[in-house]
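Novice: A structural model of the following input is requested.
(2 chains)
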2 protein chains.
Amino acid sequence: MKEIKAEIIAIGDELLYGQIVDTNSHWISQELNLIGVKVIRKTTVGDKRLEILSAFKEAEYRADVILITGGLGPTQDDLTKPLLAEYFNCNIVEVPEAVKAITEFFERRGREMTPLNILQGHLPALCTYVPNEVGTAPGMWFQRNNTCWMSMPGVPHEMKKLMHDFVLPKLAEVFPLPVIRHRMIKTVGIGESWLSDLISDWENSLPPHIRLAYLPSLGHVKLRLTGFGEDAQQIDKEIQKQINKVLPTIEKYVYGYDGEVLETAIGKLLKESGQTVALAESCSGGFVAHQITTVPGSSDYFQGAVVPYHNEFKTKILGVPQETLAAHGAVSEETVIAMANGVRKQFQADFGLASSGVAGPGGGSIEKPVGTVWICCSGKDFVKTKKLQLTQDRLLNIQLTSVALLNLLRICILKSSE
Amino acid sequence: MKEIKAEIIAIGDELLYGQIVDTNSHWISQELNLIGVKVIRKTTVGDKRLEILSAFKEAEYRADVILITGGLGPTQDDLTKPLLAEYFNCNIVEVPEAVKAITEFFERRGREMTPLNILQGHLPALCTYVPNEVGTAPGMWFQRNNTCWMSMPGVPHEMKKLMHDFVLPKLAEVFPLPVIRHRMIKTVGIGESWLSDLISDWENSLPPHIRLAYLPSLGHVKLRLTGFGEDAQQIDKEIQKQINKVLPTIEKYVYGYDGEVLETAIGKLLKESGQTVALAESCSGGFVAHQITTVPGSSDYFQGAVVPYHNEFKTKILGVPQETLAAHGAVSEETVIAMANGVRKQFQADFGLASSGVAGPGGGSIEKPVGTVWICCSGKDFVKTKKLQLTQDRLLNIQLTSVALLNLLRICILKSSE
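Specialist: I've put the predicted structure just below:
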């Protein structure tokens, strides 16, 4: 079966100047990958005629599917539409259906249209108009020889809706798609090299149509298994067999699979055991609460959090004894234990989590340099603490503290159910 | 002066499969841009020999500077180093200095080395070894004809250190760099089309060597002014003149310039006026606290936060009357006012902020559908509330609520100092 190759072209000076992060290409890659279309390249070019035209030409030479994002705004710096018309050698014409949809879009929102918005309903004559229900720039689909083109706005939720409603079903209709399957094993608390050493025998024994990749990110390493073949069920079965084979070696580091993140895995553990958690976040400043509450349904097990940024509130709200603070300081094992116990009682939770540290860049001392963090998880009949020695970077320290705190909770929940 | 053109090549299947977001290219773009090197293209390719070699070849044809990230890990799926050796037609040889640095790196961390790590000290014979002080994969610098190449690890903080310590100074040494200057005007609380309408006369009057771009993001629109020329001071002056010209029209939406974000702008306002803030975050779940506390020195004006995820804690910790909750519900103007006042008093702050809403996907009703959010800012002698009608997306609702809440605080601080 012929492999269907895709190229993603992101257009916009702001992407080259580094003023915004292109999250679209990342999301599109994931979606294409799931339907067996292989992204072979991502290209980013600026708002420059020749650059854009040459990217079109190169992509047409390489790819069967070309997905373009950006450069469709109503403002004067947006070039994608006129250049597509130039590349496909056709005029831009009014598409009454598109103008109507844009007009209705503004009516629904109770907003007034500008003349620039109306012009967004004028499109290259050779394209198929694809309605954008959540924005003003329409999608444009082109087919020439054996290549399919789709131009979409750069606004993420508009692009995503066009992809789901139109592009993905359309591609499945046009191409006979091969089968590529992925599984992801998610680990926390072990570095890439160590993990690699631990599983090298297994890695070397993988069959050629199953590939392994290490994807490290902040405090986590993901193991991606990719299988190629013709029968999805068969590939899935083989991948699962490989997972079962490696799992005993790395079980204690594995918190989940595929799209699962640490906070959803913890949510599941808490829900299943009918237990709850509350947070006292000094060093992590609310980030753990944010991560937990991004999970739908987290109110079932998340009681609440306190961010006591000054010592008096650690005492007043969480009941940390003034003597503890005076004797050991805010960044100490004793204080973090009192915080965890205090917040657990205050919020009537089964688990109390606490962090206290020197996030930086200020506030360090010889004894407690920037990056020194104490974390604690407490329950009715146990207390577990850990001292972390992190980096000089404030945001990184907040993020690493959060991962460590969530992992500590995960370990404590698992222990409590043994 | 010849324009120095750069291309960024990111290598890794994980980038094409969409399993991680490439933030490196974005950061590199910003840094190159600041020294006047123009990024003309970003290319992402997978861990495939031919794809990588063809990306090298194309880039060499287009660019003066080629920066490569990724594919340097100790594991078997990393190809960058052998392919650079192949492309430059040379052997990989042991570099004792590099092996020594790697060995010392592990010693410093008290960790054991694996044989794979030692091999990371073997490099293509034609490259200049560039020490990586914060990781195990060395940087590699090549110069051929008039093109400079640098290969760096994909781990962000390692890449950044190599860029700052070596690449940026080296580029400034090799090339006579042109002058490109940027300023960014940051706005909040107005959409792109409206802003464009408001300033269209000014936009049309800009001289040709000053370009304007609209960069919309969640609840914000940034206006980027880019000036080209030979004299940095002169360009800066001209850009500033243009800013002064447009400012009266948009002043109430402008919270800052350039790298300033809403939370740093607010921090500055609070610091200057010697005032403090405390948060009661129900709907926003700790995200505003997180944003505020990412700012170094935020403990000067941030007193703390409570995330009272259940009504009983709204009453117990923040003193929201049970009758208010019973009569109006948690998502109501009355409750959000009581929360803001409660947290302000509890934390002895000048401003109390509160959010309460239906973040979704569950919990909606006909009267209060998903996306209904009340926010409040209270002070000693005022209360300001706002009802938001947001989206169906939980994370988006949390983020948009946070922007709106921070903007409400900004407006209240400005009012209080009038």
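
Novice: which parts of the stretch 101-250 of chain A are strands?
Specialist: A:122-124, A:128-130, A:139-144, A:147-152, A:179-188, A:210-217, A:220-229 (DSSP state E, counting those that start in this stretch).

Novice: can you say which of these is nearest to chain B?
Specialist: Proximity to chain B, assessed across the strands of the stretch 101-250 of chain A by C-beta to the nearest C-beta, is greatest for strand A:210-217 (4.8 Å). All C-beta spots, glycine's among them, are computed from the backbone N, C-alpha and C.

Novice: partners of the closest one in the sheet?
Specialist: In the sheet, strand A:210-217 lines up against strand A:220-229 (antiparallel) (DSSP bridges).

Novice: to the chain's geometric centre, what's the distance from the strand it pairs with?
Specialist: Distance, stretch centre to chain centre, for strand A:220-229: 17 Å (C-alpha atoms, centre = their mean, to the nearest Å).

Novice: let's see that strand as PDB, backbone CA atoms only.
Specialist: Extracted in PDB, the C-alpha atoms of strand A:220-229 (Å, rounded to 0.1, in the frame of the first residue of the first chain):
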ATOM      1  CA  HIS A 220       8.600  12.500  32.700                       C
ATOM      2  CA  VAL A 221       9.800  10.000  30.000                       C
ATOM      3  CA  LYS A 222       7.200   8.700  27.500                       C
ATOM      4  CA  LEU A 223       8.000   5.500  25.600                       C
ATOM      5  CA  ARG A 224       6.300   5.400  22.200                       C
ATOM      6  CA  LEU A 225       5.700   2.100  20.500                       C
ATOM      7  CA  THR A 226       4.800   2.500  16.800                       C
ATOM      8  CA  GLY A 227       3.600  -0.500  14.800                       C
ATOM      9  CA  PHE A 228       3.300  -0.700  11.000                       C
ATOM     10  CA  GLY A 229       1.100  -3.200   9.000                       C
END
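
Novice: which other residues reach that strand?
Specialist: A:178-188, A:190-192, A:195, A:199, A:209-216, A:235-236, A:238-239, A:242-243, A:262, A:403, B:13-14, B:17, B:19 (C-beta atoms under 8 Å, 6 or more residues apart in numbering or on different chains).

Novice: buried stuff in it?
Specialist: A:220-227, A:229 (16 or more other C-beta atoms under 10 Å in any protein chain shown).

Novice: mind pulling up the pLDDT for the closest residue to residue A:332 other than its chain neighbours?
Specialist: Setting aside the residues directly before and after it, residue A:332 is nearest to residue A:374 in space (C-beta to C-beta, 6 or more residues apart in numbering or on different chains), at 6.3 Å. pLDDT for residue A:374: 97.

Novice: assumed residue A:280 was part of a strand.
Specialist: Yes - per DSSP: H, G, I helix; E, B strand; the rest coil, residue A:280 lies within a strand segment.

Novice: for it, list the residues it contacts.
Specialist: Counting by C-beta under 8 Å, 6+ apart, the residues that residue A:280 touches are A:305-306, A:308, A:314, A:318, A:339-340, A:342-343, A:352-355.

Novice: among the residues you listed, which ones lie close to chain B?
Specialist: Contacts with chain B are made by A:305-306, A:308 out of the contacts of residue A:280, judged by C-beta under 8 Å from any C-beta of the partner chain.

Novice: low-confidence ranges, chain A, go.
Specialist: Along chain A, the model assigns pLDDT under 70 to residues A:1, A:76, A:178.

Novice: okay, now the domains of it?
Specialist: A:5-174, A:179-257, A:262-416 (automatic domain parsing).

Novice: quick one: residue A:338 and residue A:318 touch, right?
Specialist: Yes - shown here, residue A:338 and residue A:318 form a contact pair, counting by C-beta atoms under 8 Å, at 7.3 Å.

Novice: got the residues of the stretch 101-250 of chain A near chain B?
Specialist: Counting by C-beta under 8 Å from any C-beta, the stretch 101-250 of chain A sits next to chain B at A:114, A:116-117, A:136, A:155, A:157, A:182, A:184, A:192-193, A:196-197, A:203, A:211-217, A:222, A:224, A:226.

Novice: my bad, the stretch 301-418 of chain A
Specialist: A:302-310, A:313, A:316-317, A:346-347, A:359-362, A:391, A:393-396, A:398.

Novice: among those residues, which lie within strands?
Specialist: Using DSSP state E, the subset of these located in strands is A:302-308.

Novice: residues near residue A:307, how many?
Specialist: When neighbours are counted by other C-beta atoms under 10 Å in any protein chain shown, residue A:307 registers 33.

Novice: again, but for residue A:202
Specialist: Quick note: residue A:202 (other C-beta under 10 Å) scores 15 neighbours.

Novice: gap between it and chain B?
Specialist: 13 Å (C-beta to the nearest C-beta, to the nearest Å).

Novice: contact partners for the spatially closest residue to that residue that is not a sequence neighbour?
Specialist: Excluding its sequence neighbours, the residue lying closest to residue A:202 (C-beta to C-beta, 6+ apart) is residue A:246, at 4.7 Å. Neighbour list for residue A:246: A:185, A:199, A:202 [criterion: C-beta under 8 Å, 6+ apart].

Novice: residues touching residue A:90, list them.
Specialist: A:124-126.

Novice: with neighbour count added, can I get the residues you listed in TSV?
Specialist: Converted to TSV, the contacts of residue A:90 look like this (neighbours: other C-beta atoms under 10 Å in any protein chain shown):
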residue	neighbour count
A:124	23
A:125	12
A:126	17
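
Novice: quick one: contacts of the one helix or strand residue A:30 maps to?
Specialist: Element membership of residue A:30, judged by DSSP states H and E, is helix A:24-34. Outside helix A:24-34, the residues that touch it by C-beta under 8 Å, 6+ apart are A:6, A:8, A:10, A:38-39, A:42, A:44, A:65, A:67, A:69-70, A:154, A:156, A:159-160, A:163-164, A:168, A:171, A:180, A:182, B:15-22, B:44.

Novice: got the angle between it and strand A:220-229?
Specialist: Per axes from the mean of the first three to the mean of the last three C-alpha atoms, to 10 degrees, the angle that helix A:24-34 makes with strand A:220-229 is 40 degrees.

Novice: and the next helix or strand past helix A:24-34?
Specialist: Criterion used, DSSP H and E; the element after helix A:24-34 is strand A:38-45.

Novice: what separates stretch A:243-253 from the chain centre, distance-wise?
Specialist: 25 Å.

Novice: cool, and stretch A:151-165?
Specialist: On C-alpha atoms, centre = their mean, the centre of stretch A:151-165 falls 17 Å from that of its chain.
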